[in-house]
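S.K.: fold the stuff below for me.
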Amino acid sequence: MPSTAADRTRLSVAVGVIRDHRGRILISRRAAHRHQGERWEFPGGKVDAGESVEAALARELDEELGIQVLDTEPLIEIAHDYADRRVRLQVRAVEWRGTPTGREGQPLRWLAPEALEPAEFPVANRPIITALQLPRHYVISRDCHDPAEWLMALDRTLAAGATMIAFRVRLDAAARRDLAREALARCRAAGASLMINGTAAEVREIGAAGLHMNAAQLAACPSRPLPADYRVAASCHSPEALRQAAACGADFAVLSPVQPTASHPDAAPLGWDRFAQWVADATLPVYALGGLRPGDAAIARARGGQGAAGISGWWGQASASSSSPSGMAGSPGI
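M.R.: Numbering: from 1, shown residues only. Down below sits the predicted model:
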């Protein structure tokens, strides 16, 4: 992704997300004398002058763990300011081979993504954990004109592999509540989560996974509207909105419109270059939205995004959408 002038004063760090064949992620503990010592982290290290992120990551993972990097895929980039230094973490999912060992004496652990505890990591690493726990695709529901038909479309969406659904439905309060509760039951049965486009009180009442704030809610949001055991998302249309989403404690954002869309024909699309520029300075995972299809998730990720979000390309579709959390696996012991 493009660098800003401020990046020249940042320490560039290549970070590797290493999965095993069970989907567990490798973390290591920093030595006590190092910056953020005694905390767990994702392996990696400084990118030297004139060195690519890929080359730096291959070098660091060989030095730290004794493994060979076969390929990498962009996951997220994070700019973060500590009191004593400014860093840009360039995070890659890694395809690898070998047997990881702590070659510098560092303890290692393999954990499932959902078992990663943000409080045990440096603050700059915490959006990485969120990115690992989020899917590549965020499916936004259509509005509801017939609850029975809407629920059948939800069932098709879940059967296709969707794991995170935004409930965006306009009904009277009682009908909306009943439909949301039934949707939540079906999502839970399928191992998926349900986000509510509504209010924090509604999320608590229904028992949903989290709140998706619209642009007006975000603009008026002074602080995180729900505790950490809920997800909070925000709809954004500008760099300022992305900064506001981070400031009020949102876990992830949706940035739109990336491409022309029939639902908002008068909105000027960002295009992928501008999407990448705005996401480059974001400090939370960002989905691309607007005129996209499931295959566009790879483009979004290559431009620094978490993946793709949408309605028409996903909602009610019977084909698989590869919605599981992303990451490249390795082959231990090869």
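S.K.: residues of the longest helix anywhere in the chain that come out buried?
M.R.: Criterion DSSP state H: the longest helix present in the chain is helix 173-189. Buried positions in helix 173-189, judged by neighbour count with 16 or more other CB atoms under 10 Å: 176, 179, 180, 183, 184, 186, 187. Heads up, the C-betas are built off the backbone N, CA and C, glycines and all.
S.K.: where does residue 317 land on pLDDT?
M.R.: Per-residue pLDDT puts residue 317 at 85.
S.K.: residue contacts, it?
M.R.: Residue 317 makes contacts with 156, 157, 160, as judged by CB atoms under 8 Å, 6 or more residues apart in numbering.
S.K.: how about the second one, secondary structure?
M.R.: Each residue gets one of three states, and residue 157 gets helix by DSSP: H, G, I helix; E, B strand; the rest coil.
S.K.: hang on, it packs against residue 165?
M.R.: Yes. With contact defined as CB atoms under 8 Å, residue 157 reaches residue 165; the gap is 6.9 Å.
S.K.: name the nearest residue to residue 86, sequence neighbours excluded.
M.R.: Nearest residue to residue 86, sequence neighbours excluded (CB to CB, 6 or more residues apart in numbering): residue 10, at 4.6 Å.
S.K.: and the one you found, how far is that from residue 256?
M.R.: 28 Å (CB to CB, to the nearest Å).
S.K.: one step back: tell me which of the buried residues of helix 173-189 is nearest to residue 234?
M.R.: Proximity of those to residue 234 (CB to CB) peaks at residue 180, which lies at 19.7 Å.
S.K.: ok, residue 10 and residue 256, which is more surrounded?
M.R.: residue 256 (25 against 17; other CB atoms under 10 Å).
S.K.: dump the residue contacts of the more buried one.
M.R.: By CB under 8 Å, 6+ apart, the neighbours of residue 256 are 235, 236, 237, 264, 267, 270, 288, 289, 290, 309.
S.K.: tally of neighbours for the fifth one?
M.R.: When you say that, I think you mean residue 267. Neighbour number of residue 267 under other CB under 10 Å is 13.
S.K.: the first one too?
M.R.: Counted by other CB under 10 Å, the residues lying close to residue 235 total 21.
S.K.: next up, phi/psi of it, please.
M.R.: phi -90, psi 130 (degrees, to the nearest 10).
S.K.: then residue 16?
M.R.: Torsion angles, degrees, to the nearest 10, at residue 16: phi -110, psi 130.
S.K.: ok, and the closest non-adjacent residue to it?
M.R.: Per CB to CB, 6+ apart, closest to residue 16 is residue 94, 4.6 Å.
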